[in-house]
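Trainee: Could you work out the structure for the sequence below:
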Amino acid sequence: MKKITRRIHDLHFLNLFKLVIARFNQERCMDMASSLTFTTLLSLVPLITIALTFFAAFPQFADFLMQAKNIIHANMLPETGGKIITQYMAQFTDNAAKLTAVGIIFLAVTAMMLIYSIDNAFNKIWQVTRQRALIQRLLVYWAVLTLAPLLMGGSLSITSWLIAVSVGHFSQLSAITLGLLKLVPLVLATLTFAFLFRVVPNRFVPFRHALIGGAISALAFETMNRAFALYISHFPTYKLVYGAFASFPIFLMWVYLSWVTVLLGAVLTSSLSHWRSKNRVREESPAIRLYYSLCILKILSEGLRSGETQNLPRLSKKLLLGFDFLEVLLEKMATIKLVQKAAGNNWVMVRAPEHVQAIELYRLFVFDPGKLPVELHSEGIHAWLARLSEHNAKTASVTLRTLFNEVAPVNN
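Mentor: Next up is the predicted model:
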């Protein structure tokens, strides 16, 4: 029995599940979902209005506005709340045609509040320490605002074509064909989630990881919708409490659960580069950061002579570390001009190991007396820390070349 239990604990998928749950709690994703729910309520109307404005600007998408309402009502929103939202969408469609350029810009700024919140949440999950430049962030936000409606219109075109082909021919279609038709919304949801996980975080996210996370998120989203619809249809106590106002709390809860699902998918996607590692670094102490930074520099120094660069997948495979943790260390070392990012997510060492003192890394990751506050409560402690730093400086006054010559090479 003990052997069976040990084997179960060694399963990669069980390790991945435990890692995702631990990171989900560690990043306080439930709190982030609450914040995103509030922001969604403020930004939803401008976001939908902008989307409908883009639909109205393209005549080929005009016939799909009604289909968009039906698809959202049937596949995304709960029944009771969906009726209310569909009614509002009809009003938005009429009002969108009356918007001026100034009105559209004002709504775009309001809608960007939601995308800004999503950007912050994803970057926190991926442990981003350096945000994109302002221009790059605005370009990403605007791309989401403009491309999302166009992608939605294209997806609706495909869905409409499939429905038109199948109308009147259901008796002639096989069960496999009908099943494939029903999978179209799931596939589109997968691509949408994968697009978000790939583009929004300022981190290297492999397309394969984004696609896996998108597929699981789409399945979880569909499961959540069905479970939520089952609950509100069989346990209508909310109507007794809220009466005619019941649609709002229902929709609010649905938005909250939707964000929980999205954030869970984001945590899963960011964890995929960790889960096969036996040394999953979550307790990122200064000692651990110092150790792995030396390992990274040793690998990069080996390619310094041959001019070979190292990308994140190769470093991750050699050191069994996740992409996000690797980038945190590399970006930190880039601040003292030790490494530099090259094209294609490649990294190079820009200073020769014989010209780098180990104490530089110690001060970068462990302790730097120069960063102590000016006003201290105890001069005695300050003096002791200064002596400690001086002692460590003498001990670590060795070049990386000398250090690397004394240790075995990092396994490939």
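Trainee: quick one, domains of the chain?
Mentor: According to automatic domain parsing, the chain comprises the domains 2-271, 286-406.
Trainee: Helices along the stretch 101-250 of the chain, start to end?
Mentor: 101-125, 134-166, 175-199, 207-234, 237-242, 247-271 (DSSP state H, counting those that start in this stretch).
Trainee: And residue 387, what's its pLDDT?
Mentor: Residue 387 carries a pLDDT value of 75.
Trainee: tell me which element it is part of?
Mentor: helix 379-395 (DSSP states H and E).
Trainee: Worst mean pLDDT among the domains of the chain?
Mentor: Out of the domains of the chain, domain 2-271 stands lowest, with a mean of 72 (criterion: mean pLDDT).
Trainee: OK, contacts around the residue nearest to residue 110 when sequence neighbours are not counted?
Mentor: On the basis of Cβ to Cβ, 6 or more residues apart in numbering, the spatially nearest residue to residue 110 that is not a chain neighbour turns out to be residue 46, at 4.3 Å. The way it works is simple: take the backbone N, C-alpha and C, and place the C-beta from them, glycine included. The contact partners of residue 46, taken as Cβ atoms under 8 Å, 6 or more residues apart in numbering, are 107, 108, 110, 111.
Trainee: of all those residues, which two lie farthest apart?
Mentor: Distance extremes for the contacts of residue 46: the farthest pair is 108 and 110 at 7.3 Å, using Cβ to Cβ.
Trainee: picking up where we left off before, okay, and the residue nearest to residue 110 sits in which element?
Mentor: Going by DSSP H and E, residue 46 is in helix 29-57.
Trainee: about what we covered before: now the contacts of residue 46: which count as buried?
Mentor: 107, 108, 110, 111 (16 or more other Cβ atoms under 10 Å).
Trainee: Please report the distance of the first one from residue 227.
Mentor: Spelled out, it's residue 107. Computed with Cβ to Cβ, to the nearest Å, the distance linking residue 107 and residue 227 is 33 Å.
Trainee: Then the last one?
Mentor: Separation of residue 111 from residue 227 (Cβ to Cβ): 29 Å.
Trainee: what about residue 35, how many neighbours?
Mentor: 14 (other Cβ atoms under 10 Å).
Trainee: tell me the contacts of the residue lying closest to it once chain neighbours are set aside?
Mentor: Counting by Cβ to Cβ, 6+ apart, residue 117 is the residue found nearest to residue 35 once chain neighbours are left out, at 6.6 Å. Residues near residue 117 by Cβ under 8 Å, 6+ apart: 35, 36, 39.
Trainee: go on, residue 365?
Mentor: 286, 289, 290, 293, 332.
Trainee: what about the fourth one, distance to residue 204?
Mentor: Using Cβ to Cβ, one gets 18 Å for the distance from residue 293 to residue 204.
Trainee: Next: the second one.
Mentor: If you measure residue 289 against residue 204 using Cβ to Cβ, the figure is 19 Å.
Trainee: Then the first one?
Mentor: Per Cβ to Cβ, residue 286 is found 24 Å from residue 204.
Trainee: Between the two, which is the more surrounded one?
Mentor: residue 204 (18 against 12).
Trainee: surely the more buried one meets residue 345?
Mentor: Yes: at 5.0 Å, residue 204 counts as touching residue 345 under the criterion of Cβ atoms under 8 Å.
Trainee: and for those two, which residues touch both?
Mentor: residue 312.
Trainee: Could you tell me which residues within stretch 289-308 count as buried?
Mentor: Quick answer for stretch 289-308 (16+ other Cβ under 10 Å): 289-290, 292-304.
Trainee: Could you do stretch 345-363 as well?
Mentor: By neighbour count on 16+ other Cβ under 10 Å, the buried set for stretch 345-363 is 345-347, 349, 351, 353, 356, 358-363.
Trainee: Quick check: residue 33 touching residue 263?
Mentor: Yes: taking contacts as Cβ under 8 Å, residue 33 lies within contact range of residue 263: 5.8 Å.
Trainee: More neighbours: which of those two?
Mentor: residue 263 (24 against 20).
Trainee: List the contacts of the more buried one.
Mentor: Counting by Cβ under 8 Å, 6+ apart, residue 263 touches 24, 29, 32, 33, 36, 121, 125.
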